[in-house]
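Q: Okay, structure incoming, though there's no sequence with it:
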């Protein structure tokens, strides 16, 4: 019997950006083992079966949100640093889930903590990807006042990723012109331009991340990561979520 032809993928290198809450499962807080295991299985499918380079930038909202601490009177910089540590916890948990399934993985942190993670070094990260490893970027950009969305856009540009895939946790399966959980007549975009996202203040990613992706021609796919198999469907060309790109 002849072997089946390899599956053609839209992109060969991606940055996957799951929110911290998405890794927490239904509760939205802490970590949920089955959810992390399911996420790891989908990442491994892309890496081992579709031969896609996968880097991951994890959020930390399941443990802490910088703005929450700041609103309660905490110094904003201190609060953001606590949030960065939350992303490290998520990165280590996801690394464990991947490696228990046999997928070599490296965590690189923008804040140096050599006992548990490599420091972020772009050339080393690219080399890991070329060797078939999954790379998880933790601690955001390492700077306060920048979201992990912006960190994902920055890392995508640095490692020359073909696309940025943002997984949501709210059950909303893409970008809408209004919140579909509140407005029954909200209309979903299958595709939308960067400028329209910014001028209409559509809730995709923060404006800095959108502008950075626009300037570096990095398409963004916003999708509901609770739907099983979404990552594979996106990479094999199915219409999932909303594609944000240059529509001109």
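A: Arrived safely, thanks for sending. Since the structure is predicted, the reported quantities are computational estimates derived from the model, not experimental observations.
Q: residues in contact with the residue nearest to the spatial centre of the chain?
A: Taking C-alpha atoms, centre = their mean as the criterion, residue 17 is the residue nearest the geometric centre of the chain, at 0.2 Å. By C-beta atoms under 8 Å, 6 or more residues apart in numbering, residue 17 lies in contact with 56-59, 148-149, 152, 164-167. (Each C-beta comes from the backbone N, C-alpha and C, glycine too.)
Q: In whichever strand or helix holds residue 81, which residues are buried?
A: Here residue 81 sits within helix 76-100, counting by DSSP states H and E. Residues of helix 76-100 classed as buried by neighbour count (16 or more other C-beta atoms under 10 Å): 79-95, 97-98.
Q: go on, stretch 127-138?
A: In terms of neighbour count (16+ other C-beta under 10 Å), stretch 127-138 has its buried residues at 128-129, 133-138.
Q: Report the inter-axis angle for the helix or strand that comes right after the helix holding residue 81 versus helix 76-100.
A: Counting by DSSP H and E, the element after helix 76-100 in chain order, helix or strand, is strand 105-109. Interaxial angle of strand 105-109 relative to helix 76-100 (axes from the mean of the first three to the mean of the last three C-alpha atoms, to 10 degrees): 170 degrees.
Q: can you give me how far strand 105-109 is from the chain middle?
A: Computed by C-alpha atoms, centre = their mean, to the nearest Å, the chain-centroid distance of strand 105-109 equals 14 Å.
Q: follow-up on the earlier one: which of the buried residues of stretch 127-138 sit farthest apart?
A: Greatest spatial distance among these (C-beta to C-beta): 129 and 138, at 16.1 Å.
Q: quick one: the closest residue to residue 91 other than its chain neighbours from residue 237, how far?
A: Closest residue to residue 91 apart from its sequence neighbours, by C-beta to C-beta, 6 or more residues apart in numbering: residue 138 at 3.8 Å. Separation of residue 138 from residue 237 (C-beta to C-beta, to the nearest Å): 31 Å.
Q: Next: residue 244.
A: Remark: distance between residue 244 and residue 237 (C-beta to C-beta) = 17 Å.
Q: and what of residue 113?
A: To residue 237, residue 113 is 39 Å away according to C-beta to C-beta.
Q: out of the two, which sits in the busier spot?
A: Per other C-beta atoms under 10 Å, whichever of residue 113 and residue 237 has more neighbours is residue 113, with 14 against 11.
Q: could you list every residue that touches the residue nearest to that one when sequence neighbours are not counted?
A: Once flanking residues are discounted, residue 113 sits nearest to residue 88: 7.1 Å by C-beta to C-beta, 6+ apart. Applying C-beta under 8 Å, 6+ apart to residue 88 gives the contacts 60, 107, 109, 111, 113, 116-117, 138-139.
Q: make it 7 Å
A: 109, 117, 138-139 (C-beta atoms under 7 Å, 6 or more residues apart in numbering).
Q: Now the buried members of those residues.
A: Buried among these by 16+ other C-beta under 10 Å: 109, 117, 138-139.
Q: Out of those residues, which is nearest to residue 52?
A: Closest to residue 52, out of all of the buried ones among the contacts of residue 88 and judged by C-beta to C-beta, is residue 138, at 20.9 Å.
Q: Surely the closest one and residue 116 touch.
A: No. Assessed by C-beta atoms under 7 Å, residue 138 is found out of contact with residue 116, at 9.5 Å.
Q: Fine by me, we can end here.
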